[in-house]
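Asker: Structure for the following, please:
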Amino acid sequence: MSRALIIKIVASLVLVGGAVTLLAMSGSESSALYKHVDEVVSKPDQYEGKLLKVHGHIVPGTIQKPIVDQQVHYSFDLEWNGSVISISQIGGEFPDTAKDGTEVVATGKLVGPAQFKSTELSAKCASKYKQGEGGRM
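Answerer: Residues are numbered from 1 along each chain as shown. Okay, here's the model as predicted:
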């Protein structure tokens, strides 16, 4: 084997290895683990610090939106199968459809056993998906 061929092979392996490493380390929102509140609460050590999408219902009476330093600090409790986790988010969007009892998916990271720091919230609006009269949607 010639020296030029060996250099080309090594350079190719380094480039491919770098690309694979970069892809594996990218923390895109699409790579977030999708879990329900009860799964996260039952094994907090397994999920702490990882990017998650946590699904549950807003516990009635827990939504708070105080303004601190000219930013809205959202907080509420999220419940699923009897397990509860506290969600907090500074700034960003709070969906208009997010009300007591609404199904919500919060994207972010677990920062304590039952404490979740959200970066994005999305809410379902059940009334949009209920069947209308006569079996129509």
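
Asker: The residue lying closest to Glu48 once chain neighbours are set aside is in what secondary structure piece?
Answerer: With C-beta to C-beta, 6 or more residues apart in numbering as the criterion, Glu48 has its nearest non-adjacent residue at 4.9 Å, and that residue is Leu110. All C-beta spots, glycine's among them, are computed from the backbone N, C-alpha and C. Per DSSP states H and E: Leu110 is located in strand 103-112.

Asker: what's the answer for Ser86, then?
Answerer: Per DSSP H and E: strand 83-90 holds Ser86.

Asker: Assumed Glu39 was part of a helix.
Answerer: Yes. Applying DSSP: H, G, I helix; E, B strand; the rest coil, one finds Glu39 inside a helix.

Asker: Relative to Pro60, how far out is it?
Answerer: Glu39 sits 22 Å away from Pro60, taking C-beta to C-beta, to the nearest Å as the criterion.

Asker: In terms of packing, which of the two has more residues around it?
Answerer: Under the neighbour definition other C-beta atoms under 10 Å, Glu39 and Pro60 were set side by side, and Glu39 has more, 18 against 13.

Asker: Look up how far Leu52 lies from that one.
Answerer: For Glu39, the distance to Leu52 - C-beta to C-beta - is 10 Å.

Asker: on that earlier part again, what residues sit buried inside the strand holding Leu110?
Answerer: For strand 103-112, the buried set under the neighbour-count rule, 16 or more other C-beta atoms under 10 Å, comprises Glu103, Val104, Val105, Ala106, Thr107, Gly108, Lys109, Leu110.

Asker: what are the pairing partners of the next helix or strand after it, and which direction each?
Answerer: Sequence-wise, the next helix or strand downstream of strand 103-112 (DSSP H and E) is strand 115-123. The pairing partners recorded for strand 115-123 under DSSP bridges are strand 83-90 (parallel), strand 103-112 (antiparallel).
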